[in-house]
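**Student:** Kindly generate the corresponding structure for this input.
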Amino acid sequence: MEEIFDPLRKKRVALTPEENVRQQFIRYLNEKRGWPLHMMGSETEISIGDVKLRCDIVCYGKDLAPKMIVECKRPTVKISSRTFEQIWHYALILKVEYIVATNGKETFACRYDQEKKQYVFIGDIPAYTEEKKEQTMTGGNDIFLKDKIFQIISETAAEHGVRAFVIGGFVRDCFLQRPRNDIDVVVEGSGIEIANAVGEKIHSKVSVFKNFGTAMFRWNGIEIEFVGARKESYNRNSRKPIVEDGTLEDDQKRRDFTVNALAFSLQKEDFGNLVDPFGGVADLQKGLLRTPLDPDITYSDDPLRMIRAIRFASQLHFTIVPESIESIKRNKGRLEILSRERIAEEMNKILLCDKPSIGLNLLQQTGLLEQFMPQLSALEGVETMEGKGHKENFAHTLQVVDNVASQSDNLWLRWAALLHDIGKPATKRYESGTGWTFHGHEVVGAKMVPGIFKQMKMPLNEKMKYVQKLVALHLRPIALVEDIVTDSAVRRLLFDAGDDIDDLMTLCNADITSKNEAKVRRIKGNFQLVKQKLVDVEAKDAIRNFKNPITGELVMEYYGIEPCNLIGQIKEYVKEAILDGKIENNFEQAFELMKQKGAQLGLTHKEG
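**Tutor:** Coordinates of the predicted model:
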């Protein structure tokens, strides 16, 4: 059964016979000139007071009011006047101009007559399945170009005798109804020249990047980048292209995916028209990612596109077409020409998706992950001895990352989730009678973190140390869950985790995965007790940002000694006593204990 990506439901769905009809009719509306619409929603609910009217398709006019509502029938169902009668009443309230019913073979419509104040039939619409697809489509897309900056760009391009188009992600996200934070404008001519001219009109500073042939400025918080239309060719040993001037068609051919090759015209005569030479709108409707050209050419020329394909699949919940998947597998070795910084940038974007496992799983399936992070790829697989297997650690890791992603947008916490079991392959052992063990994998994993960050050209600063700390500590709260929770153990956890205790608890809670639901419920129930114990102990002892009441300066001054190892012994003794609960975390009790320890070490107070 055919599947499509439904942007309203934000997931892939199998098409029923009615939905197949609906998709055909949407294509017809896209290809038909003159109908008053600019976007379509599927299975939309319109609220009229307390009444909700469900429609298969709703077409909106430029004023964002619904202009047409469509009901799609099974191909075997006849269209009757009753179909219209059922929704006329609500259509009148909404001032809908057209009501349409279709079963894929015949399509009837009625139109609201302003003079008669009623709907009148306007006859059968010609069979839309026979329509020839056009490359350029109208349909009120100028609703997306209402900002006056588009008109200014249009006028400026005309003054310079060139054509300009909005292209790429902005156009794609218009149809997907996603936020749009930047705009790419392609000019059949000099993009820098048009950017400078527009910048002068709106009194905005223009940043020019001559090496790349681009220029950009900010407008009402949005970045607008200009580039000249170009065609590209590549040297096999570099992802940097040889660039020549080209046309819009040339520029669209060099785009990574059909859904990113869509363009809106900014010419006065066809302002807002959509130019879609590769069927990008159809791919958007079906939730597919495909390349405009042969994928082997697209991916070999610029291997970063392989990871971008996976990133878009993860962000948009789209499916990469099979021929592209196979091409990525064939071309995975081409990643060697990429800088690790660019790969890390894409990895960060995948990790920031609402469900990172989609992208991470695709990276593993295609063999890309092994090319740049073999330590993570090595987690996959289950080994069996004496009939005993262990948890599939790669799938478990992906589940933990998704669990963290559902609770936090913190990129580095997600990295900690990704690497929390990275030490397991190196520590895996089988003990007869016991089974598989991974003793010390948290220690080994923490030691691996700096090397992985260095390998990926990622920051070796506090962000790396934060990830390393969480990997090292990720078993500690779970150990408390399994044992009797003592105040001493909680104090030590608070001391070691410090300000990162809340993130550590989020990671540990995410790490509780099992097919045994009863076991998960039991552990999570105990985990809540640990969390409450942390709150109680912190409120009483203030350990989270622990500062030893006894300083080295105090010890030296009190005993009249120079820096030596005795000072460290005294401070450590006091700290351990506080963490063990032998004394409270205050200066008075700590000072008395310092004097006791000093006496044991043969130190005496130096007067004055």
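
**Student:** Can you tell me the element the one residue sitting closest to the centre of the chain falls in?
**Tutor:** Nearest to the mean C-alpha position of the chain, counting by Cα atoms, centre = their mean, stands C353 at 2.1 Å. Here C353 sits in a region with no helix or strand, counting by DSSP states H and E.

**Student:** Now for the nearest residue in space to it that is not next to it in sequence: which residues touch it?
**Tutor:** Counting by Cβ to Cβ, 6 or more residues apart in numbering, S314 is the residue found nearest to C353 once chain neighbours are left out, at 4.4 Å. (C-beta placed from N, C-alpha, C; glycine too.) By Cβ atoms under 8 Å, 6 or more residues apart in numbering, the contact list for S314 reads 350, 353, 355-356, 358-359, 362.

**Student:** Could you give the secondary structure assignment for S314?
**Tutor:** Here S314 is recorded as helix under DSSP: H, G, I helix; E, B strand; the rest coil.

**Student:** same check, this time on I152
**Tutor:** Criterion first, three-state DSSP; result for I152: helix.

**Student:** thinking it is in contact with G199, fair?
**Tutor:** No - using Cβ atoms under 8 Å, I152 is not in contact with G199; the gap is 10.2 Å.

**Student:** Show me which of those two is the more surrounded one.
**Tutor:** Neighbours per residue (other Cβ atoms under 10 Å) separate I152 from G199, with G199 holding more: 21 against 16.

**Student:** Could you say which helix or strand holds that one?
**Tutor:** Applying DSSP H and E, one finds G199 within helix 191-202.

**Student:** and that helix, C-alpha only, in PDB?
**Tutor:** Provided in PDB are the C-alpha atoms of helix 191-202 (Å, rounded to 0.1, in the frame of the first residue of the first chain):
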ATOM      1  CA  GLY A 191      24.000  38.000  -6.300                       C
ATOM      2  CA  ILE A 192      26.500  40.300  -4.600                       C
ATOM      3  CA  GLU A 193      25.500  43.300  -6.900                       C
ATOM      4  CA  ILE A 194      21.800  42.800  -6.100                       C
ATOM      5  CA  ALA A 195      22.400  42.300  -2.400                       C
ATOM      6  CA  ASN A 196      24.400  45.600  -2.300                       C
ATOM      7  CA  ALA A 197      21.700  47.400  -4.200                       C
ATOM      8  CA  VAL A 198      18.900  46.100  -1.900                       C
ATOM      9  CA  GLY A 199      21.000  46.800   1.200                       C
ATOM     10  CA  GLU A 200      21.500  50.400   0.100                       C
ATOM     11  CA  LYS A 201      17.700  50.800  -0.300                       C
ATOM     12  CA  ILE A 202      16.900  49.500   3.100                       C
END
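
**Student:** Show the average pLDDT along that helix.
**Tutor:** Confidence for helix 191-202, expressed as mean pLDDT, is 96.

**Student:** and if you look at stretch 410-419?
**Tutor:** In the prediction, stretch 410-419 has an average pLDDT of 97.

**Student:** Tell me where the model's unsure across the stretch 51-200 of the chain.
**Tutor:** Low-confidence regions of the stretch 51-200 of the chain, defined here as pLDDT under 70, cover residues 51-74, 77-95, 103-108, 119-143.

**Student:** ugh, wrong one, I meant the chain
**Tutor:** In the chain (pLDDT under 70), the answer is 1-74, 77-95, 103-108, 119-143, 232-243, 481-485, 539-545, 608.

**Student:** Need the single longest helix in it, by residues.
**Tutor:** Taking DSSP state H as the criterion, the chain has its longest helix at helix 517-541.

**Student:** need the next SSE after that one, C-terminal direction.
**Tutor:** Sequence order places helix 552-559 as the next helix or strand after helix 517-541, per DSSP H and E.
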